[in-house]
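[1] Predicted model, plus sequence, below.
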Amino acid sequence: MNQDEIKDFIDRQSAIAQENSRIRKLVKGYKKSTPKVNPIWDHSHESISYNDLSKEVLSAGLVILSANFSDVWSALHRPEVYEATTLWKSGAQGHNPANIAKVIECWAQEIKLSPIFLCPHENGLALVCDGKHRLTVARYMGAEIISLMVCADNLAWFQKLIPNAHLVLNIN
């Protein structure tokens with residue numbers, strides 16, 4: 001490594017350390033007093049780029065829908081994992097506190113987040129494939145409506161599971 005590369009590396013490491021320190025302080029503050037925020041969902045085509053989705057899923061097409069939270073909740077496989085009481089529980093059965101804090105921070109600043117991504121579980125219920133922290137925070141905040149995505153190939157399954165869901169955007 002030359003001097004410039006070493007300086008760039010040190011600068012990147014310093015920025016990472018500063019952000020980690022900021023997030024630890026945010027978690028500590030939010031655990032002490034979690035602010036009430038309203039979930040705000042990003043229904044744009046670009047929102048899918050923030051989800052951890054494979055290229056195969058993206059190429060198959062996605063559908064963004066909106067539904068009553070209670071309808072989605074009753075259709076989830078193992079909803080207790082996302083219960084409001086689990087918000088600050090970490091570990092194998094819990095959540096990453098840093099991710100929880102980042103979701104709360106975004107919604108406190110009225111930043112829209114991408115919808116959760118649901119897939120069919122082998123038992124026919126919905127499995128949260130991406131967005132468990134957004135779902136848990138939305139549950140904690142008492143959201144009445146939630147936005148979600150499903151593969152276009154799974155739309156019929158989802159409409160049967162939650163017939164009152166409203167189509168927001170079809171992304172092909």
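    Perfect, thanks for sending it. Numbering: from 1, shown residues only.
[2] Just name the shakiest helix or strand of the protein by mean pLDDT.
    Scoring the helices and strands of the chain by mean pLDDT, DSSP states H and E places helix 55-60 at the bottom, with a mean of 78.
[3] buried set for it?
    V57 (16 or more other C-beta atoms under 10 Å). For the C-beta atoms, the positions are set from N, CA and C on the backbone; glycine is no exception.
[4] moving C-terminal of it, what's the next helix or strand?
    strand 62-68 (DSSP states H and E).
[5] what helices or strands is that following strand leaning on?
    Counting contacts by 3 or more C-beta pairs under 8 Å, 6 or more residues apart in numbering; DSSP states H and E, strand 62-68 packs against strand 145-151, helix 155-161, strand 166-171.
[6] Make a markdown table out of those and add distance to A60, mean pLDDT and mean neighbour count.
    Listed next are the helices and strands packed on strand 62-68 as a markdown table, based on distance: least, C-beta to C-beta, whole Å; pLDDT from 0 to 100; neighbours: other C-beta atoms under 10 Å:
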| stretch | distance to A60 | mean pLDDT | mean neighbour count |
| --- | --- | --- | --- |
| strand 145-151 | 5 | 96 | 24 |
| helix 155-161 | 11 | 96 | 16 |
| strand 166-171 | 10 | 92 | 14 |
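[7] Can you add distance to E110 and give those back as JSON lines?
    Formatted as JSON lines, the helices and strands packed on strand 62-68 follow (distance: least, C-beta to C-beta, whole Å):
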{"stretch": "strand 145-151", "distance to E110": "15"}
{"stretch": "helix 155-161", "distance to E110": "28"}
{"stretch": "strand 166-171", "distance to E110": "19"}
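[8] Apart from its neighbours in sequence, what residue is nearest the residue positioned nearest the centre of the chain?
    By C-alpha atoms, centre = their mean, the chain has its centre lying nearest to G131, at 2.6 Å. Nearest residue to G131, sequence neighbours excluded (C-beta to C-beta, 6 or more residues apart in numbering): I116, at 3.0 Å.
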